[in-house]
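1. would you be able to build a 3D model of this:
(one chain, ligands or ions: 2)
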Amino acid sequence: MSTSICCLGAGYVGGPTMAMIAAKCPDVRVTVCDPNEQRIAAWNSDTLPVYEPGLQEVVESARGRNLFFSTDIRKAIRESEIIFVSVGTPTKTYGVGAGRAADLKYIEAAARMIAEEAEGAKIIVEKSTIPVKTAEAMFTILRSNSTKATFQVLSNPEFLAEGTAIEDLNDPDRVLIGGEQTPEGLAAIEKVVSIYARWIPREKILTTNLWSSELSKLVANAFLAQRISSINSISALCEATGADVDEVARAIGKDSRIGPKFLKASVGYGGSCFQKDILNLTYLCHHFGLPEVAAYWESVVKMNDWQKARFSGRIVRDLFNTVNGKHIAVLGFAFKKDTNDTRETAAIAVCRDLLAEGAKVVVYDPKVSEAQIRSEILGNGSNPNLVVVTGVLEACKGAHAVAVLTEWDEFKTLDFRAIFDGMLKPAFLFDGRNILPHQELKKIGFRVFAIGKPA
Ligand code: UDX
Ligand code: UDX
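-> Ligands and ions are numbered 1, 2, ... in the order given. Next comes the predicted model:
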């Protein structure tokens, strides 16, 4: 083996990224570590802890050959020349910066463990999304706690989107690697570049200083989220004026300066990154005395919260201003299709709003478990009005209304006639993703509400 690398954190990012590196570089030994034994056992099994189309094949092509999953983090640190850090960085829930700043306790713990174990020259690569200047903090921790090793810290943010992780890793728009602009820093950057260059064209591998790389990740996500909030703001105006938001999106997207992607109006964006990264960005802006810049980006999050509340509000209003005791079928809970991830999914807010109004909420999602849905909506609490089922027809039987919250392909071709027949009348349908055949539904007899569509 020419090189040994490891990754601390076997999550949505660390697992797939390392599996791809191992698949593309058979001579590089890749170990993915995590203290969570269950998670590591799952990575070593036929049921991976992360659902991604194509992931199982990539993992199986390399597992046991040059790809290993282990809970022995210290050993992996000792044996690896390059150490990726991909531990979670949730938004702080306590103390200074609560609700906005990233909680870096896992990053710091990782740095301290690396300092304890490392010997010789080590390259540390931040894969987690982190506030600008975190690399500097890592440097300080590493250098003050180790006498046996020398370190270079690089930033290599991951831009993969969930559901398309394998495609994105296989053929990314770009790979970004930031590091110190010193001879040692540049040599470390080159080392990591040479791994990605095994399958990614050189011109797509960008190298920058550390801070540009760290900040670019936050800014990329902020811009993407901003596009969704922009089109969602226009969806409200479309509903009021009789314009159709999908037509508006198509028309503006033809302008090559705007481009067609990320203009799909929805019930609101979710996922582990957008909200967290914008909050993080605004925290940085406040910290550096730029409240106007912070307020500008905060409005993106506010618009998203409003869109979610507007959707549940619309359901209540259309159902004659009360959903108390009414059965609402919720189709889709994941934050987008083709993933079992529910972090920050718009469905959480919508279900909570409906439960607060006294509705009976019956949820179906093809990939998300009942336990996960319950814990996202209720935490440790309970509510007899929340029911989770394993089929669409079961969810919709006897319902007053159906709400589509995730754009799963299987929802596009349901037997809507059978669904309609099983529902109370008038049968309402709220399409939070604009994926259903609305004309056909109206012909069947549904009362259809869709985002940004004329009533
Ligand atoms: C990643 C990045 O880390 C995050 O910063 C980015 O914004 C989103 O993507 P992700 O892989 O999605 O996070 O998170 P998660 O699936 O929660 O995985 C993190 C893993 O790190 C977990 O398996 C957790 O057990 C592990 N972990 C946590 C460690 O290995 N060590 C710790 O000290 C803490
Ligand atoms: C995002 C970024 O795309 C990725 O580059 C980064 O590495 C992590 O964060 P992800 O959160 O996995 O990826 O999914 P993404 O496809 O960006 O979707 C985020 C949310 O926006 C989803 O809830 C999705 O349904 C929603 N969305 C997306 C819309 O509502 N409309 C759109 O046009 C696009």
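2. show me what from the stretch 201-350 of the chain comes close to ligand 2.
-> Residues of the stretch 201-350 of the chain lying close to ligand 2 by Cβ under 6 Å from any ligand atom are 221, 224, 228, 262-264, 266, 269-271, 273-274, 335-336. C-beta here means a position set from N, CA and C on the backbone, and glycine is covered the same way.
3. next SSE after the longest helix along the chain?
-> In the chain, with assignment by DSSP state H, the single longest helix is helix 210-241. Next along the chain after helix 210-241, taking DSSP states H and E as the criterion, comes helix 245-253.
4. give me the buried positions along that next one.
-> For helix 245-253, the neighbour count (16 or more other Cβ atoms under 10 Å) marks V245, D246, V248, A249, I252 as buried.
5. quick one: contacts of stretch 443-455?
-> Stretch 443-455 is contacted by residues 231-232, 234-236, 238-239, 242-246, 248, 265-267, 311, 314-315, 318, 416-417, 420, 425-434, 436, 438, 441-442 when judged by Cβ atoms under 8 Å, 6 or more residues apart in numbering.
6. is that stretch positioned near ligand 2?
-> No: using Cβ under 6 Å from any ligand atom, stretch 443-455 never reaches ligand 2; the gap is at least 9.4 Å.
7. ok, stretch 423-435 next?
-> No: between stretch 423-435 and ligand 2, judged by Cβ under 6 Å from any ligand atom, nothing touches; the nearest distance is 7.6 Å.
8. give the buried residues for that stretch.
-> M423, A427, F428, L429, F430, D431, G432, R433, N434, I435.
9. of the residues you listed, closest to I73?
-> The shortest approach to I73 among these belongs to R433, at 40.0 Å (Cβ to Cβ).
10. what does this structure have sitting close to ligand 1?
-> Contact residues (Cβ under 6 Å from any ligand atom) of the chain with ligand 1: 8-14, 34-36, 39, 86-89, 106, 109-110, 128-129, 272-273.
11. in helices, which of the residues you listed fall?
-> Using DSSP H, these in helices are G14, R39, Y106, A109, A110.
12. now do the SS call for I177.
-> strand (DSSP: H, G, I helix; E, B strand; the rest coil).
13. please shift the residue numbers so they start at 154 in all later answers.
-> Taking 154 as the first residue, the last one we looked at is I330.
14. so it sits against V346, correct?
-> Yes: counting by Cβ atoms under 8 Å, V346 is a contact partner of I330 at 6.1 Å.
15. have a look at the two and say which one is more surrounded.
-> Higher neighbour count among I330 and V346: I330, with 23 against 19, using other Cβ atoms under 10 Å.
16. look up how far T394 lies from the closest residue to S452 other than its chain neighbours.
-> Distances taken as Cβ to Cβ, 6 or more residues apart in numbering place S382 nearest to S452, at 7.7 Å, with adjacent residues excluded. With distances taken as Cβ to Cβ, to the nearest Å, S382 is found 19 Å from T394.
17. in this protein, what residue is nearest ligand 1?
-> Nearest residue of the chain to ligand 1 (Cβ to the nearest ligand atom) works out as G164 at 1.8 Å.
18. what pLDDT is listed against that residue?
-> As predicted, G164 sits at a pLDDT of 94.
19. what does the one 10 residues further on give?
-> At I174, the predicted lDDT confidence score is 98.
20. which pair in the buried residues of stretch 576-588 spans the largest distance?
-> Within the buried residues of stretch 576-588, M576 and N587 form the most distant pair, 20.7 Å apart (Cβ to Cβ).
21. that older thread, what sits against the residue of the chain closest to ligand 1?
-> By Cβ under 8 Å, 6+ apart, the neighbours of G164 are D187, R192, V203, S239, V240, G241.
22. S299 too?
-> A268, E269, A271.
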